[in-house]
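Asks: coordinates only, sequence not included:
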Ligand code: NAD
Ligand code: MG
């Protein structure tokens, strides 16, 4: 029986993870769950999975949950605040910690889990974008193992040989005879919208992704293709790749989830339904396979698979992310923080869709690029970037 802790249990990835775990209750036991403030969802999870510990970053919500657990005769330890979430992540009980908190908030809990030397099944790409190099130094130091949940990275992972799969962060792509990693993305809901109409795009339109059903932040990131930019940086760290090793390809149908081409001209692709339960099952089951509840693809119903180059005029955030990737960790931390601020302002109708890229670009211009050599320095750069980005939002706010 493997013990699992699920960070971000009430979100989109969290819910899909619970569905996979539900199908394998004799192989996995849910030890702990963490979220921000969804009291009723947490209550249901405790009822169903009889977890030992729950942690909520929102202290008032944690207190409310504790009362509701008591009223329902349910027993689980309740931890509160960011420190409570970190305490659960680092308690050392879980064999696998699923990192599915959204944004920079996931970094410290995931690092606490790394220190226990467990398997980290990672969805929280922002954590890697901020800390990639230092993150993998910690992984090595504490003997942890990282497995990707992000669907593209899971696809690439599945196309790579076993020696590379068990050495993420350090694998040698040359030894694996890799020519290129082909990172695919749907291009989001505004792929074919005339450029002059993008200025009128609303938050509601931006979060209606044509293929995937996801949380609000990543949905906006998919529309701007900042998501692909973050994934480009994530892929660099996970697969120990250079910028030249990775090519972004727009693939509107999202049937192929990414590919790897090899020196002999062969290309391996991973295909499947756009359902995150597949990559979650791959990470939880590795190196075996688990039934996930996902239907098989029916090739007789797929009429065509198309591909195109990304258009940087339509997707300036993708360009900014690829440039930041070349500049280093201070730039990628700043990119991520300013994007989180900009997306939040857009979702709250404070700035327009096109302002998201402006906020990120201007923040990157204003921030100095020191070398970051500790997690504290990364967190300081994250905080400073948010301050700068917020000021820029004020000047643009409608
Ligand atoms: P979501 O908004 O649906 O859920 C986020 C979860 O994080 C919720 O449970 C929320 O309560 C929790 N959370 C937020 N702040 C927290 C804090 N300070 N402490 C503890 N918990 C906190 O987001 P999502 O779509 O599930 O995405 C989660 C992560 O997975 C993101 O990093 C995203 O980029 C990545 N990801 C998501 C998908 C997808 O299909 N949804 C695909 C690939 C990668
Ligand atoms: Mg993805």
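Replies: Received the coordinates, thanks. Please read all numbers here as calculations on a predicted model, not as lab measurements. Ligands and ions are numbered 1, 2, ... in the order given.
Asks: can you give me the strands in the stretch 151-300 of the chain?
Replies: Taking DSSP state E, counting those that start in this stretch as the test, the strands found in the stretch 151-300 of the chain are 178-185, 246-250, 256-262, 267-271.
Asks: can I get the ones you listed in CSV with mean pLDDT?
Replies: Listed next are these as CSV, based on pLDDT from 0 to 100:
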stretch, mean pLDDT
strand 178-185, 98
strand 246-250, 98
strand 256-262, 98
strand 267-271, 98
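Asks: Turn those strands into CSV, including distance to ligand 1 and mean neighbour count.
Replies: Glycine gets a C-beta too; all of them are placed from N, C-alpha and C. Putting the strands of the stretch 151-300 of the chain into CSV (distance: least, CB to the nearest ligand atom, whole Å; neighbours: other CB atoms under 10 Å) gives the following:
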stretch, distance to ligand 1, mean neighbour count
strand 178-185, 11, 22
strand 246-250, 16, 19
strand 256-262, 11, 22
strand 267-271, 14, 16
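Asks: ok, residue 58 - contacts?
Replies: Residue 58 is in contact with 36-37, 80, counting by CB atoms under 8 Å, 6 or more residues apart in numbering.
Asks: what's the spacing between it and residue 77?
Replies: 17 Å (CB to CB, to the nearest Å).
Asks: can you check residue 247 too?
Replies: When residue 247 is compared with residue 77 (using CB to CB), they lie 47 Å apart.
Asks: what's the closest non-adjacent residue to residue 354?
Replies: residue 199 (5.3 Å; CB to CB, 6 or more residues apart in numbering).
Asks: Got the confidence number for that neighbour?
Replies: According to the prediction, residue 199 has pLDDT 95.
Asks: That one against residue 355, yeah?
Replies: No. Here residue 199 does not reach residue 355: they are 9.3 Å apart, not a contact under CB atoms under 8 Å.
Asks: how about the residues of the chain that lie near ligand 1?
Replies: 8-14, 34-36, 38, 57, 85, 100-102, 105, 123-126, 150-151, 212, 214-215, 218, 276 (CB under 6 Å from any ligand atom).
Asks: ok and the residue in the protein nearest ligand 2?
Replies: residue 150 (4.2 Å; CB to the ion).
Asks: In what element of secondary structure is residue 113 found?
Replies: Assessed by DSSP states H and E, residue 113 sits inside helix 107-114.
Asks: Who are the packing partners of that helix?
Replies: Counting contacts by 3 or more CB pairs under 8 Å, 6 or more residues apart in numbering; DSSP states H and E, helix 107-114 packs against strand 2-7, helix 81-89, strand 96-99, strand 119-122, helix 125-142, helix 375-396.
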